[in-house]
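In: got a sequence here, can you build the structure:
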Amino acid sequence: MVIGLAGNIGCGKSTAAGYFQHFGSRCIEADQIGRRILPRIKDQLINHFGAGIVTGGRIDRKKLRAAVFNDRQNVLIMNRLTHPRLIRTIRNRIHNIRSGVVVVDAALLFNWPDLLPEIDFPILITAPKSLKEQWAVRKGIDRSSFRRIMRFQKTEKEMARQAKYVIKNDRSLKNLYRQCYALYKEIKNDC
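Out: Residues are numbered from 1 along each chain as shown. All right, here's what the predicted structure looks like:
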């Protein structure tokens, strides 16, 4: 059984994924995979975004983020370079797990029609914009970067049309935990 968690930056996806993992699921994190992909495509990234994205011989994710989320064309270039590798790796990891519950933590899940058929239960995590911004800032993303990233992500309304379930992360971590647990039990009982 494969659960997919998606949502905008700062919505609490990774926290929810951690809860599902606590309940016994195995977790596949798209961000973690993405970080491993960057060194493999370093030359292509420098070719498109310039040597200014490199610090100490490595891709500086903060500088890369600033370059990418500067205009729509740069986002498209980045997606073309990374998404096929991300999707292929996620799909391989899903297929290598033979039993139990797998959670795919991927902000852009609803942007990947090639991967969605692999997901039995696509879940959208929503949160008020002010909370998403606060949480993103706590993770080290400045407010202007947060706003630029949000401009290029699908709206919650668009993603909700593709989701089987929606978790509203608008109160407390305890409330988010309760919602995740109730949904996990419901999904397990349905299977």
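In: in this protein, where's the longest helix?
Out: Ordering each helix of the chain by length in residues (DSSP state H) puts helix 72-96 first.
In: for residue 165, which non-adjacent residue is spatially closest?
Out: Using CB to CB, 6 or more residues apart in numbering and skipping the chain neighbours, the partner closest in space to residue 165 is residue 123 (4.7 Å). (C-beta placed from N, C-alpha, C; glycine too.)
In: quick check: the one you found is in a helix.
Out: No. Secondary structure of residue 123 (DSSP: H, G, I helix; E, B strand; the rest coil): strand, not part of a helix.
In: give me the number of residues near it?
Out: Applying other CB atoms under 10 Å, we find 25 residues neighbouring residue 123.
In: please apply the same query to the one 10 residues further on.
Out: Neighbourhood size, residue 133 [other CB under 10 Å]: 18.
In: correct me, but it touches residue 11?
Out: No. In this structure residue 133 lies outside contact range of residue 11 using CB atoms under 8 Å: 10.8 Å.
In: what's the residue positioned nearest the centre of the chain in contact with, if anything?
Out: In the chain, the centroid-proximal residue (CA atoms, centre = their mean) is residue 107; its distance is 2.3 Å. Shown in contact with residue 107 (CB atoms under 8 Å, 6 or more residues apart in numbering): 6, 7, 8, 9, 13, 30, 31, 153.
In: all good on my end, thank you.
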